[in-house]
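Trainee: Make a model of this:
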Amino acid sequence: MSVRQKNIVLIGFMGVGKTTIGELVAKKLYRTFIDVDKEIEKDFGMTIPEIFEKHGEPFFRDYEKKKTCALAEEKLKVLSIGGGAFVQPEIRQACLDNCVVFYLDMAWEEWKERLDMLIDSRPVLQTRDITEIEELFYKRQDAYSINHSTLTISNRSAEEVADFIVDSLKHTWDMYEPMND
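Mentor: Numbering: from 1, shown residues only. As a prediction, the model looks like this:
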């Protein structure tokens with residue numbers, strides 16, 4: 001598959017803005033945007049917290065793996081994947097092999113300020129105290145560190161981050177697959 005056709009995948013801890021930024025990138029590149037968590041919710045007709053409650057996290061993670069790996073093999077899309085998805089080796093490998101993976105990195109201190117607006121919609125956070133959430137934040141960094149490009153998004157608007165991603169992609173495309181004039 002041509003580098004220009006590869007999907008763009010946004011990874012990072014929950015609540016860093018993958019969906020907002022992904023929608024902007026997709027719009028700027030005339031691509032379809034897919035929030036994998038929203039697709040899973042559509043498939044089941046229930047929210048992620050409801051899926052966790054009814055079927056359990058192992059069931060959810062297995063379905064998430066199948067769905068994400070299948071989407072990673074498509075082309076010309078922008079995917080936002082769940083915060084815990086990239087920790088799964090199969091998902092990580094499928095994304096790295098078939099897509100361009102951007103890690104949206106944010107400092108713990110800045111992320112912590114978002115906790116109040118995230119907690120109700122994130123089942124993974126609901127059973128943990130702040131110390132356990134911080135451990136999870138740093139534990140997932142190891143998986144996130146395996147990517148094609150890391151962007152520190154602190155103090156940047158979603159629009160600025162999206163523009164940076166689009167500009168870097170266009171530069172890379174021109175370098176590896178120049179358009180014929």
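
Trainee: what's the longest helix in this protein?
Mentor: As assigned by DSSP state H, the longest helix anywhere in the chain is helix 158-176.

Trainee: List of residues touching that one?
Mentor: 3-4, 8, 17, 20-21, 24-25, 28-29, 100, 102, 104, 149, 151, 153, 156 (CB atoms under 8 Å, 6 or more residues apart in numbering). C-beta here means a position set from N, CA and C on the backbone, and glycine is covered the same way.

Trainee: Cross the residues you listed against helices and list the overlap.
Mentor: Among these, the residues falling in helices (DSSP H) are 20-21, 24-25, 28-29.

Trainee: Out of these, grab the one that's most surrounded.
Mentor: Ile21 (27 neighbours; other CB atoms under 10 Å).

Trainee: residues contacting Gly22?
Mentor: With CB under 8 Å, 6+ apart, Gly22 has these contacts: 8, 10, 33, 35, 78-80.

Trainee: and of those residues, the nearest to Ala70?
Mentor: Ala70 lies nearest to Leu79 out of those, by CB to CB, at 11.0 Å.

Trainee: host element of Trp111?
Mentor: Using DSSP states H and E, Trp111 maps to helix 108-112.

Trainee: Which positions within that helix qualify as buried?
Mentor: Residues Trp111 are the ones in helix 108-112 that count as buried (16 or more other CB atoms under 10 Å).

Trainee: Quick one: mean pLDDT over the top strand by length along the chain.
Mentor: Across the chain, the longest stretch assigned as strand under DSSP state E is strand 99-105. Strand 99-105 shows a mean pLDDT of 96.

Trainee: other SSEs contacting it?
Mentor: strand 7-11, strand 149-152, helix 158-176 (3 or more CB pairs under 8 Å, 6 or more residues apart in numbering; DSSP states H and E).

Trainee: Just send these back as a markdown table, with mean pLDDT too.
Mentor: A markdown table is the format used below for the helices and strands packed on strand 99-105 (pLDDT from 0 to 100):
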| stretch | mean pLDDT |
| --- | --- |
| strand 7-11 | 97 |
| strand 149-152 | 94 |
| helix 158-176 | 93 |
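
Trainee: Highest mean neighbour count out of the ones you listed?
Mentor: Of all the helices and strands packed on strand 99-105, strand 7-11 carries the top mean neighbour count, a mean of 26, counting by mean count of other CB atoms under 10 Å.

Trainee: ok so, going back, return the distance of the helix holding Trp111 from the chain's centre.
Mentor: Its chain's C-alpha centre and that of helix 108-112 lie 18 Å apart, by CA atoms, centre = their mean, to the nearest Å.

Trainee: Following the chain onward from the lowest-mean-pLDDT helix or strand in the chain, which element is next?
Mentor: When each helix and strand of the chain is scored by mean pLDDT, DSSP states H and E, helix 123-126 comes last, with a mean of 70. Under the assignment DSSP H and E, the closest C-terminal helix or strand after helix 123-126 is helix 130-144.
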